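*Asks:* okay, here's the prediction I keep looking at, along with the sequence it came from:
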Amino acid sequence: MSAPYQAVILAAGRGSRLSDQTTAQPKALLPIGPRSHDDATEISFLRRQVETLRALGVEQIVVVIGYLGEVIATEVSSWPASVELVINTTQDIRTSGSLHSFQHAIRTPQSVLDGSHQTVLMDADIVYHRDVLSCLLLAPEASTLLVCDRYRTSDEEVLVYGTAKRSRYLGKGLTAELVEGAACLGEATGIVKFAPCDHAVARQTIDWLLGNPDAREGSLEHRGFGPARRATEHEELTDRLMRSGRMRALTFSGDELPFLEVDTAEEYEFLRTDFYPRLLALEARS
């Protein structure tokens, strides 16, 4: 029998490329449109994620907050769905990458990455058809990176190379030579599942990259061995598990199940005026 699911949503960042909208409002709470085709209630990135997870049976949802965290805490306290909050206490959140936020989550009493659940790690600034998440939750209990087969060839997207059973490379701007001619599977969605059997090695890898807070202050173990240390993004953990053959890729059709990551003002405008209305219409028909 498969282990139950828990989800960790990373919502601590500043959203600096959307600074006009995020000066007083955290990116995770920016409005994206109505809840559904039949419900005009305005909904945010984060609330849609939480409600989608709940609808699919994920009972434990942990949200890591930082920048304007008190605004998120106040907002989620009024939601009917229970959300557990973890605070990234880094004084200057600009120095803290998404993997550092995840490290905060695993060092709390919320039982994250303790081997008791299948842990789904998610960025907060993504919008997708609800069946995208179903694909991952219904997949076998194995560490899995969710990949959208639609992608652009710019240097902005984190792309995945290899095969479904053996994903090998993950990153931006990778050339054919750097991936040894491996096929591009698509764009990493920012949604990753960590199977219980891989939790221990994932925790060790995180502390190795970022630094182990329990180690002697000033030691190399405390500072970490990754080149970016606390600024490391969570894709680096996924890449490390790929190299050891622990991370498979699950690819879905972006034509059938739309997905969008929102980083810029242009993408946010496209989300509001084009992508999200089409997504709701598609969900209403399915």
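*Replies:* Right, received. Where do you want to start? Residues are numbered from 1 along each chain as shown.

*Asks:* in the stretch 101-250 of the chain, which spans are helices?
*Replies:* Along the stretch 101-250 of the chain, the stretches classed as helices by DSSP state H, counting those that start in this stretch are 130-138, 199-210, 220-223, 235-243.

*Asks:* mean neighbour count, the ones you listed: which tops it?
*Replies:* With neighbours defined as mean count of other Cβ atoms under 10 Å, the helices of the stretch 101-250 of the chain peak in mean count at helix 235-243, which reaches a mean of 21. Glycine gets a C-beta too; all of them are placed from N, C-alpha and C.

*Asks:* how distant is that helix from the center of its chain?
*Replies:* Centroid separation for helix 235-243 versus its chain: 14 Å, with Cα atoms, centre = their mean, to the nearest Å.

*Asks:* which strands and helices sit next to that helix?
*Replies:* On a contact count with 3 or more Cβ pairs under 8 Å, 6 or more residues apart in numbering; DSSP states H and E, helix 235-243 meets helix 98-106, strand 167-171, strand 184-194, helix 199-210.

*Asks:* tell me the angle it makes with strand 167-171.
*Replies:* Helix 235-243 and strand 167-171 are oriented at 160 degrees to each other (axes from the mean of the first three to the mean of the last three Cα atoms, to 10 degrees).

*Asks:* quick check: buried residues in stretch 140-156?
*Replies:* Within stretch 140-156, the residues that count as buried by 16 or more other Cβ atoms under 10 Å are 143-149, 151.

*Asks:* save those as a markdown table, and put in distance to residue 57 and pLDDT too.
*Replies:* Shown next, in a markdown table, are these (distance: Cβ to Cβ, whole Å; pLDDT from 0 to 100):
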| residue | distance to residue 57 | pLDDT |
| --- | --- | --- |
| 143 | 20 | 97 |
| 144 | 17 | 96 |
| 145 | 21 | 96 |
| 146 | 17 | 97 |
| 147 | 23 | 96 |
| 148 | 23 | 95 |
| 149 | 26 | 94 |
| 151 | 30 | 86 |
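
*Asks:* residue 49: which of those is nearest?
*Replies:* Using Cβ to Cβ, residue 146 comes nearest to residue 49 of the buried residues of stretch 140-156, at 13.6 Å.

*Asks:* isn't that closest one up against residue 134?
*Replies:* No - Residue 146 is not in contact with residue 134 according to Cβ atoms under 8 Å; the separation is 11.0 Å.

*Asks:* show me what the lowest-mean-pLDDT helix or strand in the chain is packed up against.
*Replies:* Here the helix or strand of the chain ranked lowest by mean pLDDT, DSSP states H and E is helix 19-22, holding a mean of 82. On a contact count with 3+ Cβ pairs under 8 Å, 6+ apart, helix 19-22 meets helix 265-270.

*Asks:* which strands and helices sit next to the helix or strand just after the helix it packs on?
*Replies:* Downstream of helix 265-270, the first helix or strand assigned by DSSP states H and E is helix 276-285. The contact analysis (3+ Cβ pairs under 8 Å, 6+ apart) places helix 276-285 against strand 31-34, strand 126-128.
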